[in-house]
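Chemist: sequence first, then the predicted structure:
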Amino acid sequence: MTDRELIVDLEAVVAGPGGREIGPYLLALVHIERGDRDTAVRLLAELPDSPDVVAARAEAGRLPPVRPPAVLQRSTLMRRPVFAVSADGRLAVVSHEMRDLRAWDLDTVRPVRVLTGHEAPVVSVAMSADGRVVVSGDEGGRILLWDTADGDRRRRWDLPPHTVEAVAVSGDGGTVAVSGTNGYVRLLGDTERVLSEPVENSGALASYGALTVVAGGERVASFSGYEWVLRLWDARSGELLGGKDELDRRFAFGAGGRYALARTWHSALWLIDLTTDSARDLGSAARGATTRSRSAVTAESRCPPPSTACSSGC
């Protein structure tokens, strides 16, 4: 997403109590996550000193200089590539020629191997935090698990065609999940566990779904693009633990699978801790909102400055 799209949401936060501090602070965290040291330092320099702001300034100062952008490959009119990046930013896996995947060394900006095995266009790819495990899914329903060290294919699962929407993998690569355009959510392994059954007549409306394996691999979280509902399951027992409803389609999981950022029917902006199923109200998101706006959240959320009201304790 572009900075402007994110600013649309954060400008609405600025209008609330304490917003002129929390808005630039949250935007600075996003730039830290992206590795943009100069922009983060500029935003944080204008804020009053607080423990959170001081910590963010120190983290921004430790970032390496920003590298000039490099083009790995270009999208086509027919299909945009899907991709995943390791937590340390050194490895990327990008769909190539629709049915293959290319692994890129981002230090040298060179492809290191090609992963082949899909027979239909790849629609989703996810990577473990250490970059060693990749899971990918295609339109034909095939899910493949890869070892990026040697390019070997570890596992294969075949699901019904035209149903795969998103795949996810835990940080250690031990838990694999898949969600479908018809609303199903499954855990894959030696045996397949269905967490959520398909939703009837979901059709093409389910185009904004998202999926993550919560930090530690103990939970799976899914955002339904059809119902606009967040659900949380226990990855071991399959028990539904909770979730949030009355959301709209502007939703994002953070890298690492601990936090989510969501907007509600009532135009509030929620920061959701997926490990506790608790939500913090960041204020009204109505001002300046458009149907094309998007959301983003960093991997490690921090409490906002003390002047901002929270619905749960910091």
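Modeler: Sure, I can see it.
Chemist: what is the neighbour count of the closest residue to residue 122 other than its chain neighbours?
Modeler: What sits nearest to residue 122 in space, not counting adjacent residues and going by CB to CB, 6 or more residues apart in numbering, is residue 95, at 4.3 Å. Where you see a C-beta, it was placed from the backbone N, CA and C, and this is true even at glycine. When neighbours are counted by other CB atoms under 10 Å, residue 95 registers 26.
Chemist: repeat for residue 191
Modeler: By the criterion of other CB under 10 Å, residue 191 has 6 neighbours.
Chemist: quick check: pLDDT value at the spatially closest residue to residue 156 that is not a sequence neighbour.
Modeler: Closest residue to residue 156 apart from its sequence neighbours, by CB to CB, 6+ apart: residue 144 at 5.6 Å. At residue 144, the model reports a pLDDT of 96.
Chemist: you'd agree residue 144 is up against residue 126?
Modeler: No - assessed by CB atoms under 8 Å, residue 144 is found out of contact with residue 126, at 11.5 Å.
Chemist: so what sits against both of those two?
Modeler: Here residue 144 and residue 126 have 135, 136 as joint contacts, going by CB atoms under 8 Å, 6 or more residues apart in numbering.
Chemist: circling back: the residue nearest to residue 156 should be in a strand, yeah?
Modeler: Yes - checked against DSSP: H, G, I helix; E, B strand; the rest coil, residue 144 lies within a strand.
Chemist: does residue 58 count as helix, strand or coil?
Modeler: Reduced to three states with three-state DSSP, the structure at residue 58 is helix.
Chemist: related to what we said a few turns ago, part of a strand, is the residue nearest to residue 122?
Modeler: Yes - counting by three-state DSSP, residue 95 is located in a strand.
Chemist: how near is it to residue 247?
Modeler: Distance of residue 95 to residue 247, given as CB to CB, to the nearest Å: 29 Å.
Chemist: what's the answer for residue 84, then?
Modeler: Applying CB to CB to residue 84 and residue 247 gives a distance of 24 Å.
Chemist: do the same with residue 102
Modeler: 35 Å.
Chemist: of those two, who's got more company?
Modeler: The neighbour comparison of residue 102 against residue 247 (other CB under 10 Å) goes to residue 247, with 22 against 19.
Chemist: the more buried one contacts residue 262, correct?
Modeler: Yes - counting by CB under 8 Å, residue 247 touches residue 262, with 5.0 Å between them.
Chemist: shared neighbours of these two, anything?
Modeler: 223, 230.
Chemist: okay, helices next: where are they in the protein?
Modeler: Per DSSP state H, the chain carries helices over the ranges 3-14, 19-34, 37-45, 51-61.
Chemist: hmm, back to that, who's in contact with the residue nearest to residue 122?
Modeler: 81, 82, 83, 101, 102, 121, 122, 125, 136.
Chemist: wait, the second one sits on residue 121?
Modeler: Okay, so that is residue 82. No - shown here, residue 82 and residue 121 do not form a contact pair, counting by CB under 8 Å, at 9.4 Å.
Chemist: so for these two, which residue has more residues nearby?
Modeler: residue 82 (19 against 15).
Chemist: any idea how far residue 24 is from that one?
Modeler: Residue 82 is 32 Å from residue 24, by CB to CB.
Chemist: ends of stretch 261-272, what's the gap?
Modeler: Stretch 261-272 has an end-to-end distance of 6 Å (CA to CA, to the nearest Å).
Chemist: show me which residues of that stretch are buried.
Modeler: 261, 262, 263, 264, 268, 269, 270, 271, 272 (16 or more other CB atoms under 10 Å).
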